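# test case, fold it:
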Amino acid sequence: MVADANSERLRAALELFDAGRYHDAHELLDELWESTSGPDSDFYKGLIQAAICLHHWSEGNLEGARKLYSGHRKFLAAYLPRHQGVDVADLLAQMQRVLAPVLRAKAGERVSFDAAARPRLGPPRA
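Numbering: from 1, shown residues only. Just a heads-up that it's a prediction; the model follows:
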C-alpha cells in the first residue's frame, strides 16, 4: 500500500514538474524523500534538486540554479538510465541542454528562462 501511495505521489510530482510548478513539485518530492530510506532516497533528492534548480532559474536566480546543477546530476547518476519509470538519462540530457547558457553566463549576465524549452519528465513508464 505504501508503494502505491508513493507511486501516486511521484506521478503527481512529475506532473507538477512538467507544468513548471517546480516549488510545488519540490514540496511533494520532499515528502517522498523524508518518508523513504534506502536506495530510493537519493533518487528523490536528485529530483528535488533538479526542480529547485529550475525554480531558481525561472525566478532569475542564476547563482542558485548553478549551485544545484551539479547536485542533481550527482544524485541521479546512480539511477541511469531509468528508475521508477523515470527516464533519468533523458532528464539529465535535457537539463544539460537547457542550463548550458546559465552555466556559461558571466557574473551579472542575465539568461532568460524559456518555459517552452524547459525539461519535461512525462508520466512514469514501466
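# mind checking what helix or strand follows whichever helix in the chain runs longest in sequence?
Taking DSSP state H as the criterion, the chain has its longest helix at helix 40-58. Secondary structure here is assigned by DSSP states H and E; on that basis, the next helix or strand after helix 40-58 toward the C-terminus is helix 62-76.
# return the set of buried residues in stretch 19-31.
Applying a neighbour-count criterion of 16 or more other C-beta atoms under 10 Å, one finds 20-22, 24-26, 28-30 buried in stretch 19-31. Every C-beta, even on glycine, is put in place using the N, C-alpha and C of the backbone.
# coming back round to it: just want the angle from the longest helix of the chain to helix 62-76.
An angle of 160 degrees separates the directions of helix 40-58 and helix 62-76 when computed by axes from the mean of the first three to the mean of the last three C-alpha atoms, to 10 degrees.
# and helix 40-58, which residues are buried?
Those would be 40, 42-58, for helix 40-58 by 16+ other C-beta under 10 Å.
# and the residue nearest to G64 when sequence neighbours are not counted, what does it touch?
Nearest residue to G64, sequence neighbours excluded (C-beta to C-beta, 6 or more residues apart in numbering): H56, at 3.4 Å. Counting by C-beta atoms under 8 Å, 6 or more residues apart in numbering, H56 makes contact with 62-65, 68.
# helix/strand/coil for P119?
In terms of secondary structure, P119 is coil; the call rests on DSSP: H, G, I helix; E, B strand; the rest coil.
# verify the stated contact: it with V98.
Yes. Judged on C-beta atoms under 8 Å, P119 makes contact with V98 at a distance of 6.0 Å.
# which one's more surrounded, those two?
Set side by side, P119 and V98 give different neighbour counts by other C-beta atoms under 10 Å, the larger being at P119 (21 against 16).
# buried set for the lowest-mean-pLDDT helix or strand in the chain?
Across the helices and strands of the chain, mean confidence by mean pLDDT, DSSP states H and E is lowest for helix 2-18: a mean of 87. If you call a residue buried by 16+ other C-beta under 10 Å, then helix 2-18 has these buried ones: 6, 9-10, 13-17.
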